[in-house]
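In: Everything below, folded, please.
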Amino acid sequence: MLTTEIRRIHLIGICGTAMASLAAMLQESGYIVSGSDEGVYPPMSDFLKQRNIKAVQGYDVDNLKDKPDLVIVGNALSRGNPEIELLLNERLSFCSFPEALKHFFLKDKIPIVVTGTHGKTTTTSMISWALHSAGLHPNFLIGGIAENFQSSFGAEGGRHFVVEGDEYDSAFFDKGPKFLHYLPYAAVIGNVEFDHADIYPDLEAIKLQFRRFVNLIPQQGFLVVGADSPAALEVSRNCFCPKETFGLDVDSDWSARGIEMHQGRLSFEVVRGKLPFQRLSLGVLGNFNIRNALAAVAILNYLGISSDSIREGLESFSGVRRRLQLRANVNGIQIYEDFAHHPTAVREVLQAVRSAFHPDRIWAIYEPRSATSRRSIFQIEIAEALSLADCIALPALYKPERIPENERLDEDRLVDDLRRMGRAAWNLADVEGIIQKVSEEARPGDLIMILSNGGFGGIYEKLPAALENK
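Out: Residues are numbered from 1 along each chain as shown. All right, here's what the predicted structure looks like:
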């Protein structure tokens, strides 16, 4: 792929967060960019429109009639898509999203790749903001909107490129994980658990990919590993570069002590090898964010950022949109949302709001939407996680036809299990049914946590409006 021969680039599946961000970065680099998607709707449609990037609704051969110099194919696309069939028939140049990111943006930078089952987006955002705050002008690509930047990407021109490294597959023609393309120099493996049941048969298959990732880090590079995750420690065992660990385990290279909530902020002392390093007061909550911050501190310290600059950057960090985000406070009822869908993430976010806010009751409105959460693989684990709430409401399973019937999450059983644990739980047909139930049952002092990695039928706006009207 010769950059000098490329002028016009088309992205199939442009409205994914990462693809839209890549489109904007390419446009800022001087390329003529267009794209198509079956779901051209806010917020990404607005994001692209603000940048005058043409995004066509629906896939059609006419979208490629001008034969762009390069087509970037999103990983949700497969054979049978009319644009993919045309580019293959016409022998147009094409590549995957991670290939394009490597070719256009990573190869001349120092990539800092943040991986793991949980916490990637927040840790990537923390590192990026702290580097920016320290005046190092980072480039970054994040799988969410970092509130400090009000953006999911930045091209500030510095030496470093901080990128969220996803273990999901790259494209229909490349079933390896995205992060194997990212030329890792410094890296984080926060944790490793089973996920992505649509492409990985078991945890061992996922661990294999992380081992391959570790094997790409050069001897002069650096690896930070979550000590609280046995699988993360396992996959990093044979790395060739210097390695440090972080976690709540006091034997970690980087750990935390003196954890407390003070005036709505999470305060703790960062300890490096049993010695005090810096005390932090963060505007984000939960033990998971302590781990995220420790990973960021380890990377930033490796990059030569002073402890005071690290503190200033992390203490001014404003979080990531859709990660434990307050949506409304209506008549004494707080409504939060979080991206959590894996049982571990659900458990930790419910623990975080319980310990931080001490509400009278916690509602968990949980949408099983991801390929894994719609399967029965975590039937028991998700019940145990949701049982940390007092009231639980579920919608009908999202697009159940995409999951083999014998593999689907049994929502009726889930509700029965929760009721046996003494929780109030309901399996409701849709968002409207959930809103009606919450409107009838919620009372001042309750905290409502909406848990979904999707749009969830507009419940984020509809529920506060319904409670206002009540």
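In: Nearest spatial neighbour of the most centrally placed residue in the chain, chain-adjacent residues omitted?
Out: For the chain, residue 121 is the residue whose C-alpha lies nearest the centre (Cα atoms, centre = their mean; 4.5 Å). Of all residues not flanking residue 121 in the chain, residue 144 sits nearest, at 4.4 Å (Cβ to Cβ, 6 or more residues apart in numbering). Glycine gets a C-beta too; all of them are placed from N, C-alpha and C.
In: how about the one you found, secondary structure?
Out: When classified by DSSP: H, G, I helix; E, B strand; the rest coil, residue 144 comes out as strand.
In: picking that back up, wait, what's in contact with the residue nearest to the centre of the chain?
Out: The contact partners of residue 121, by Cβ atoms under 8 Å, 6 or more residues apart in numbering, come to 142, 143, 144, 164, 320, 323, 339.
In: If we use 10 Å, what do you get?
Out: Residues in contact with residue 121 (Cβ atoms under 10 Å, 6 or more residues apart in numbering) are 17, 114, 142-146, 152, 164, 292, 320-323, 339.
In: tell me which residues of the helix or strand encompassing residue 326 are tucked away?
Out: Per DSSP states H and E, residue 326 falls inside strand 325-330. By neighbour count on 16 or more other Cβ atoms under 10 Å, the buried set for strand 325-330 is 325, 327, 328, 330.
In: Residue 429 reaches residue 435, doesn't it?
Out: No: using Cβ atoms under 10 Å, residue 429 is not in contact with residue 435; the gap is 11.6 Å.
In: Show me which of the two is the more surrounded one.
Out: residue 435 (21 against 10; other Cβ atoms under 10 Å).
In: Determine whether the claim that the more buried one is in a strand is correct.
Out: No: counting by three-state DSSP, residue 435 is not part of a strand but helix.
In: Who are the contact partners of the closest residue to it other than its chain neighbours?
Out: Once flanking residues are discounted, residue 435 sits nearest to residue 466: 4.9 Å by Cβ to Cβ, 6+ apart. Counting by Cβ under 10 Å, 6+ apart, residue 466 touches 330, 432, 434, 435, 436, 438, 439, 442, 459.
In: Going through those, which ones are buried?
Out: Among these, the ones that count as buried by 16+ other Cβ under 10 Å are 330, 434, 435, 438, 442, 459.
In: Next up, the contacts around the last one.
Out: I take that to be residue 459. Taking Cβ under 10 Å, 6+ apart, one finds 327, 335, 337, 365, 367, 395, 430-432, 434-435, 438, 450, 452, 466 in contact with residue 459.
In: Restricted to helices, list the residues you listed.
Out: 431, 432, 434, 435, 438, 466 (DSSP state H).
In: Rebuild those as CSV, extending it with distance to residue 202 and pLDDT.
Out: Formatted as CSV, the ones in helices among the contacts of residue 459 follow (distance: Cβ to Cβ, whole Å; pLDDT from 0 to 100):
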residue, distance to residue 202, pLDDT
431, 34, 91
432, 38, 93
434, 33, 93
435, 38, 93
438, 37, 93
466, 42, 87
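In: ok so, going back, could you say which helix or strand contains the residue nearest to the centre of the chain?
Out: Element membership for residue 121, per DSSP H and E: helix 120-133.
In: pLDDT (mean, whole number) over that helix?
Out: For helix 120-133, mean pLDDT rounds to 97.
In: cool, stretch 77-89 as well?
Out: 95.
In: Name the residues that touch that stretch?
Out: With contact meaning Cβ under 10 Å, 6+ apart, stretch 77-89 is reached by 10, 12-13, 36-38, 56, 58-65, 67-68, 71, 73-74, 92-94, 171-173.
In: Quick one: the helices in this protein, in order.
Out: Under DSSP H, the chain gives helices at 17-28, 44-50, 82-89, 97-101, 120-133, 203-214, 230-235, 287-302, 307-315, 343-357, 379-386, 411-420, 431-441, 459-469.
In: among these, where is the model least confident on average?
Out: helix 44-50 (a mean of 83).
In: Hmm, residue 324 and residue 349 touching each other?
Out: Yes: the pair residue 349 and residue 324 qualifies as a contact (Cβ under 10 Å) at a distance of 6.1 Å.
In: so what sits against both of those two?
Out: With Cβ under 10 Å, 6+ apart as the test, residue 349 and residue 324 both reach 285, 286, 288, 336, 338, 339, 340, 449.
In: Please work out how many residues are found near the last one.
Out: Spelled out, it's residue 449. Count around residue 449 with other Cβ under 10 Å applied: 25.
In: One more: the second one?
Out: Applying other Cβ under 10 Å, we find 22 other residues in the vicinity of residue 286.
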